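Peer 1: build me a model from this:
(chains A and B)
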Protein chains: 2
Amino acid sequence: MINSIALVGATHGNELSGIQLVKNWRQSGLPERFRPLNVNLLLANQAAMQANVRFVEQDLNRQFTPANLTSPADNLESHLAIGLNSQLGPKGNAHTDLVIDVHNTTSSMGATLIILQLDEFHIQLARFVKQAMPEANILVEDEKPYEEHGYLCTVGKRGVMIEVGAQPQGVLREDVYQLTLTMAEAILDFCVCRNQQSVPALPACEAFRLGENIHFPLDDNGERTAMIHHHLQDADFVPLMPGQPVFRSFDGSDINWWGDTPTYPHFINEAAYHKLHVAFATADLITL
Amino acid sequence: MINSIALVGATHGNELSGIQLVKNWRQSGLPERFRPLNVNLLLANQAAMQANVRFVEQDLNRQFTPANLTSPADNLESHLAIGLNSQLGPKGNAHTDLVIDVHNTTSSMGATLIILQLDEFHIQLARFVKQAMPEANILVEDEKPYEEHGYLCTVGKRGVMIEVGAQPQGVLREDVYQLTLTMAEAILDFCVCRNQQSVPALPACEAFRLGENIHFPLDDNGERTAMIHHHLQDADFVPLMPGQPVFRSFDGSDINWWGDTPTYPHFINEAAYHKLHVAFATADLITL
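Peer 2: Coordinates of the predicted model:
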């Protein structure tokens, strides 16, 4: 049974879809069919939200590793993480059955459900969401055990992220908001079905398994020498074939994809990865 | 004669097209045909650029009013304004003939040239840019005298802004960069022509004259009750007709355009106007 759910916005203070969804559901109440569920509506980092920034001192969505929760640093987001771990967790022995953490990206990732484990629950959830919302993407980040992730959603017994784009930081777009709402409702519909033991037989679905981060080329001074090529921009989850252009250098030359197999780029030109010089992430196509 | 030109990036530290253009031209030198011009390549707010924020304490692009330059406040951007006024101005008696200040917006404004005066120089410039770049928009902000604007570009004898979008803050898009480059080159081509007294006879062109700012509807607690309607989103400079939808309220109802004449919305859903709750600006269509 999914007895206790937390739906979280403002884990990043300038990603407005989840923030608005929480505000709206607090105002209007959840849609009638979800009222049997016990859903806690949270705004995780209100200081960042007020300042309209991703975070004040440290990225809150990286603070939930076992090490950080045991020995927190002295900054706002570490303190918030300790509080949220008490409120929703504690991590590893949580009384919250499912944490749904709602994010935005400046990449054209559409509505993406990020799952961290490939057990029966998450495979069923992915298939259910994909059936309710065929335009959704499923992204699997199981490159390490669930508990080792630093993501906020991992304080729950189970945790998933909704990631929707393209939306600039500090902007609310109606199209992105509607996708966010539809995916949140699909996840809650799944919980209702599962609690009623009425999840239908679901066909297998396509998903993407995270590969690696690809960085912008830099010169000896650490300055970028190229930008995302227009061929790649906004082509999230479109297969990138060997030899296709990836970067356009400022000297006018192109840099082509050096991998020898197709890959599925995503988080292409994500604003929050500016400082890290991450250009995009790769993924493999899998079936769940 | 246009003897002295300043091309400025990083007036806002998270608008990357102008920053990259300045860096690239510093690295490679200006295109050969512009070398007779005396072009000073500047990054106005390097602290904001390093921090990847619009500004550190106050919006630098509002600090150049006569009052602020006479009695500056004690913050980083006021100090920067004083320095830039000495370097490029002084305002009202400037030794810089033309300041070209390069901006980005999260609105779908395409490549927009903002001019502040309708004298012969600026009308010729507008027509020249429009002929070189038919997809460009010309936006006239002459609602007050040139000298009274707080914009950085007004420290010059003449000053214009390049405003290109849609581009999220902290992101460099190739399409937006190329539009920025094309418009900067068109302005410099005009300066070369004008110095050679070889500006051709130019046909009149379409332009937009700034009207007023339209704000998001707010409740009694100052919280937004609606978002930009999908009909209006990304429809910058597309005529908005009386009765067409402008906002979608979070209760599901629509708010329609209450004006009784068509208007030309722009700066639709601009991230930087978040705190001010500005939803878009209106404009009238004029001929220059």
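
Peer 1: all strands of the stretch 1-150 of chain A, in order?
Peer 2: Taking DSSP state E, counting those that start in this stretch as the test, the strands found in the stretch 1-150 of chain A are A:5-9, A:39-43, A:98-104, A:110-115, A:137-140.

Peer 1: so which of those strands is nearest chain B?
Peer 2: If you check each of those against chain B by CB to the nearest CB, strand A:98-104 wins as the nearest, at 10.3 Å. For glycine as for every other residue, the C-beta is placed from the backbone atoms N, C-alpha and C.

Peer 1: show me what the closest one is packed up against.
Peer 2: Judged by 3 or more CB pairs under 8 Å, 6 or more residues apart in numbering or on different chains; DSSP states H and E, strand A:98-104 is in contact with strand A:5-9, helix A:16-28, strand A:158-165, helix A:174-195.

Peer 1: what's the closest of the ones you listed to residue B:196?
Peer 2: strand A:158-165 (47.6 Å; CB to CB).

Peer 1: who in the stretch 101-250 of chain A is up against chain B?
Peer 2: A:106, A:166, A:168-175, A:177, A:223, A:227-230, A:233, A:248, A:250 (CB under 8 Å from any CB of the partner chain).

Peer 1: could you flag which of those are buried?
Peer 2: A:106, A:166, A:168-174, A:177, A:227-229, A:233, A:248, A:250 (16 or more other CB atoms under 10 Å in any protein chain shown).

Peer 1: ok, the residues you listed vs residue A:74, which is closest?
Peer 2: residue A:169 (26.5 Å).

Peer 1: surely that closest one meets residue B:169?
Peer 2: Yes - between residue A:169 and residue B:169 there is a contact at 6.0 Å, judged by CB atoms under 8 Å.

Peer 1: touching both of the two, which residues are there?
Peer 2: Taking CB atoms under 8 Å, 6 or more residues apart in numbering or on different chains as the contact rule, residue A:169 and residue B:169 both touch A:271, B:271.

Peer 1: using the three-state scheme, assign residue A:211.
Peer 2: Three-state secondary structure (criterion: DSSP: H, G, I helix; E, B strand; the rest coil) places residue A:211 in strand.

Peer 1: need the pLDDT of it.
Peer 2: We have a pLDDT of 98 for residue A:211.

Peer 1: isn't it up against residue A:286?
Peer 2: No - between residue A:211 and residue A:286 there is no contact under CB under 8 Å: 11.3 Å.

Peer 1: and those two? Which one has more around it.
Peer 2: For residue A:211 versus residue A:286, neighbours defined as other CB atoms under 10 Å in any protein chain shown are more numerous around residue A:211 (16 against 13).

Peer 1: residues in contact with the nearest residue to that one once chain neighbours are set aside?
Peer 2: Nearest residue to residue A:211 in three dimensions, chain neighbours excluded: residue A:282, at 3.5 Å (CB to CB, 6 or more residues apart in numbering or on different chains). Residues in contact with residue A:282, defined by CB under 8 Å, 6+ apart, are A:210, A:211, A:212, A:214, A:259, A:263, A:264, A:265.

Peer 1: same check, this time on residue A:61
Peer 2: A:11, A:12, A:101, A:103, A:150, A:151, A:152.

Peer 1: would you map out the domains in chain A?
Peer 2: A:5-195, A:213-281 (automatic domain parsing).

Peer 1: deepest-packed of those, please.
Peer 2: domain A:5-195 (a mean of 20; mean count of other CB atoms under 10 Å in any protein chain shown).

Peer 1: off-centre distance for that one?
Peer 2: 7 Å (CA atoms, centre = their mean, to the nearest Å).

Peer 1: for it, measure first residue to last.
Peer 2: Taking CA to CA, to the nearest Å, domain A:5-195 runs 12 Å from one end to the other.

Peer 1: what's the answer for stretch A:83-102, then?
Peer 2: For stretch A:83-102, the end-to-end distance is 19 Å (CA to CA).

Peer 1: also stretch A:9-23?
Peer 2: Per CA to CA, the first residue of stretch A:9-23 is 9 Å away from its last.

Peer 1: is that stretch in proximity to chain B?
Peer 2: Yes - residues of stretch A:9-23 contacting chain B under CB under 8 Å from any CB: A:20, A:23.

Peer 1: next: stretch A:29-40.
Peer 2: No - under the criterion of CB under 8 Å from any CB, chain B is not reached by stretch A:29-40; the shortest gap measures 12.0 Å.

Peer 1: mind checking which helix or strand of chain A has the lowest mean pLDDT?
Peer 2: helix A:66-70 (a mean of 95; mean pLDDT, DSSP states H and E).

Peer 1: and it, what does it pack against?
Peer 2: By 3+ CB pairs under 8 Å, 6+ apart, helix A:66-70 packs against helix A:76-88.

Peer 1: before we move on, the earlier item: and the residue nearest to residue A:211, how far is that from residue A:166?
Peer 2: 19 Å (CB to CB, to the nearest Å).

Peer 1: repeat for residue A:4
Peer 2: 33 Å.

Peer 1: same check, this time on residue A:178
Peer 2: 14 Å.

Peer 1: and what of residue A:176?
Peer 2: 8 Å.

Peer 1: distance from the chain centre to stretch A:267-285, please.
Peer 2: 13 Å.

Peer 1: low-confidence regions, the stretch 101-250 of chain A specifically.
Peer 2: Judged against pLDDT under 70, the stretch 101-250 of chain A has no low-scoring part.

Peer 1: run through the residues that contact the closest residue to residue A:27 other than its chain neighbours.
Peer 2: Spatially, and ignoring its direct neighbours in sequence, residue A:27 is nearest to residue B:250 (7.4 Å; CB to CB, 6+ apart). Taking CB under 8 Å, 6+ apart, we find residue B:250 in contact with A:20, A:24, A:27, A:28, B:225, B:226, B:227.

Peer 1: and if you look at residue A:239?
Peer 2: For residue A:239, counting by CB under 8 Å, 6+ apart, the contacting residues are A:262, A:263, A:264, A:285.

Peer 1: got CSV for those, with pLDDT and secondary structure too?
Peer 2: Formatted as CSV, the contacts of residue A:239 follow (pLDDT from 0 to 100; DSSP: H, G, I helix; E, B strand; the rest coil):
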residue, pLDDT, secondary structure
A:262, 96, coil
A:263, 98, strand
A:264, 98, coil
A:285, 98, strand
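
Peer 1: how about those in a markdown table, adding distance to residue A:192?
Peer 2: Converted to a markdown table, the contacts of residue A:239 look like this (distance: CB to CB, whole Å):
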| residue | distance to residue A:192 |
| --- | --- |
| A:262 | 38 |
| A:263 | 36 |
| A:264 | 31 |
| A:285 | 30 |
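
Peer 1: farthest-apart pair in the residues you listed, please.
Peer 2: Farthest apart among the contacts of residue A:239 - using CB to CB - are A:263 and A:285, which lie 9.1 Å from each other.
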